[in-house]
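> what's the 3D shape of this:
(3 chains)
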Amino acid sequence: MKDKEMGEIVCTDCGYVLARNLVDSRPEWRAFDTEQRKKRTRVGAPMTFTIHDKGLSTMIDWHDKDIYGKRLSPGQKAQIYRLRKWQRRIRVSDATERNLAFALSKISKMGNALNLPKHVLEGASLIYRRAIKERIIRGRTLEGVVAGAVYVACREAKLTRTLGEVARASEVNKKEVGRNYRFLVNKLGYHIPPLKPGQYVTKFSNQLTMQGMVEEIAHKTLETAKEARLTSGRAPTGIAAAASYIASVLTGERKTQREIAEIAQVTEVTIRNRYKELVEELNFIITL
DNA sequence: AAGACGAAAGTGGTTGA
DNA sequence: TCAACAACTTTCGTCTT
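The predicted structure is shown next:
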């Protein structure tokens, strides 16, 4: 057992001191929130990965001279050449390695914000690794690709995370997430069926804290919508939002369009449009 | 005053020549 | 590769409750 105060490693069973005079690796400052931690931490990932070393690492230069300016012997020259070669190789793998580590930490951060189960995060990581392997990230921001990968993983796992939610949890906008999502799906050959509006209805109902009956009506509404072929080509979230709205009105548990639009991440106008179409089909009475 | 409604113009993506 | 097109958004004025 390590005892940082005493600087010793002590066996907890017999009390034998295995090592003493250890260096305390803990910081000498304390941070009470992430804001402070950010300010006080003096080490960590560099701000940019495009220039991997930011001039911090030592390079073997190309002059075949030693520090006194004398020319090297042929034997030394060969050795230096080999060293240079290896340094080049190590540097490259080091940079991509760090890049990957950075991306993975971003993924888990997003996972926290989105409440994603672990296997989805692993899926996202795998997707990112594949993206690196296929060399298709060039020219794209790391954040964008990460967000795209997370969204792909969600869709694969049939989770009802919307583009907007993923975008909020990342550092890029909705458009970027969508672009990267499509890009990844294309390049990595994923086949992802669109989510059913019904799944969104369930989700929205929960977020709106509606009664079970309201959700039931919303699902019924969707059924008729499907039969009327109003679902094809339309955004599932929009239809689900409209169905939820209708159900809330029907049961008297009225929610405003704005409320629903807010959590469904669509506009009120879209809800209205779907809603109008649906009501035309729903002129037969729904009773429960 | 808030919510619902709808027209009009703009956006980004898909499709078909 | 480009233009037409459908779905969706933004904005804003009007009507309803």
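
> all contacts plus neighbour counts: C-alpha atoms, from now on.
Will do.

> So which elements touch the helix or strand in which residue A:262 is found?
In this structure, residue A:262 sits in helix A:257-264 according to DSSP states H and E. Helix A:257-264 is packed against helix A:197-208, helix A:236-250, helix A:268-281, with contacts defined by 3 or more Cα pairs under 8 Å, 6 or more residues apart in numbering; DSSP states H and E.

> any idea which of those is most buried?
Of all the helices and strands packed on helix A:257-264, helix A:236-250 has the most neighbours on average by mean count of other Cα atoms under 10 Å, namely a mean of 26.

> Please save the CA atoms from that one in PDB.
Provided in PDB are the C-alpha atoms of helix A:236-250 (Å, rounded to 0.1, in the frame of the first residue of the first chain):
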ATOM      1  CA  PRO A 236     -39.000  10.900 -37.900                       C
ATOM      2  CA  THR A 237     -38.500  13.400 -35.100                       C
ATOM      3  CA  GLY A 238     -41.000  15.800 -36.800                       C
ATOM      4  CA  ILE A 239     -43.700  13.100 -37.100                       C
ATOM      5  CA  ALA A 240     -43.100  11.900 -33.600                       C
ATOM      6  CA  ALA A 241     -43.300  15.500 -32.300                       C
ATOM      7  CA  ALA A 242     -46.600  16.100 -34.100                       C
ATOM      8  CA  ALA A 243     -48.100  12.800 -32.800                       C
ATOM      9  CA  SER A 244     -47.100  13.800 -29.300                       C
ATOM     10  CA  TYR A 245     -48.600  17.200 -29.700                       C
ATOM     11  CA  ILE A 246     -51.900  15.700 -31.000                       C
ATOM     12  CA  ALA A 247     -52.000  13.200 -28.200                       C
ATOM     13  CA  SER A 248     -51.400  16.000 -25.600                       C
ATOM     14  CA  VAL A 249     -54.200  18.000 -27.000                       C
ATOM     15  CA  LEU A 250     -56.600  15.100 -27.200                       C
END
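
> helix or strand for the residue of the stretch 101-250 of chain A found nearest DNA strand B, which one?
Relative to DNA strand B, the nearest point of the stretch 101-250 of chain A is residue A:179 (4.7 Å; Cα to the nearest atom of the strand). Here residue A:179, judged by DSSP H and E, is contained in helix A:174-188.

> Identify the residues contacting that helix?
The contact list for helix A:174-188 (Cα atoms under 8 Å, 6 or more residues apart in numbering) reads A:130-131, A:136, A:144-145, A:147-149, A:151-152, A:163-164, A:166-167, A:190-191.

> Among these, which are located in helices?
A:130-131, A:144-145, A:147-149, A:151-152, A:163-164, A:166-167 (DSSP state H).

> how far away is residue A:102 from residue A:108?
Counting by Cα to Cα, to the nearest Å, the gap from residue A:102 to residue A:108 is 10 Å.

> Number of residues surrounding the residue of the stretch 101-250 of chain A closest to DNA strand B?
13 (other Cα atoms under 10 Å).

> what do you get for the one 4 residues further on?
Burial of residue A:183, expressed as a neighbour count using other Cα under 10 Å, amounts to 17.
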